[in-house]
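K.L.:
Provided below for reference: sequence and predicted model.
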Amino acid sequence: MGGNSIIMIVVGLSLMLVGVIVTISGVIALIRSNKTKNWPATDGQVNEAHIEERRMNYTVNHQRRTRITYEPVVSYTYQVGGRTFSGHKIQEITSSYNQEKAEQVAAGYPAGGAVKVYYDPQKPEKAVLVPGGGGGGIALIVGGIIMGGIGLVLVILTFLF
């Protein structure tokens, strides 16, 4: 087995390992997200809504690039059992959007407006405004499976050729 074969096997096994980790992370995120569908609801009030810019730097063909996404952030208060809590999650899995979509989402939560808040009955300090929403978990699962599959193909092809 030559040096290139060993490199291909190491790369393939690394992709498989990362794929498994990403897939497991997606399954955990999806389970956590689905649990929110069974949480009880209470009335809450929006304190503030805005968007935050997220920058991710990466390199393609030796050229540095920046990907910009936007995340709507909503702060709200709600009461459970006579205690007041503050929350900031819209969904269990955070979503990023282009600027226009993020502004639309944030605009749906005007300051002072009433909202339904879904809270964890075991830990009422954990809450979301939109229960469910496991799209991010599904994306992680699919991405992890694809990554792991590419790694597996690399390893198999190395042994075949």
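P.N.:
Looks like it came in fine.

K.L.:
state the distance from residue 87 to residue 111.
P.N.:
15 Å (Cβ to Cβ, to the nearest Å). Using the backbone N, CA and C atoms, a C-beta is placed for each residue, glycine as well.

K.L.:
ok, the two, which is more surrounded?
P.N.:
residue 87 (22 against 13; other Cβ atoms under 10 Å).

K.L.:
my guess is the more buried one meets residue 80, correct?
P.N.:
No. Look at residue 87 against residue 80 with Cβ atoms under 8 Å: they stay out of range, at 10.8 Å.

K.L.:
show me the common contact partners of these two, please.
P.N.:
residue 119 (Cβ atoms under 8 Å, 6 or more residues apart in numbering).

K.L.:
so where's this protein shaky on pLDDT?
P.N.:
Confidence mapping of the chain against pLDDT under 70 gives the ranges 1, 134.

K.L.:
show me the biggest strand of it in terms of residues.
P.N.:
Counting by DSSP state E, the longest strand found in the chain is strand 41-60.

K.L.:
angle of the helix or strand just after it against strand 41-60?
P.N.:
Counting by DSSP states H and E, the next helix or strand C-terminal to strand 41-60 is strand 63-80. Angle of strand 63-80 versus strand 41-60, following axes from the mean of the first three to the mean of the last three Cα atoms, to 10 degrees, is 170 degrees.

K.L.:
after strand 63-80, which helix or strand is next? Please name it.
P.N.:
strand 83-87.
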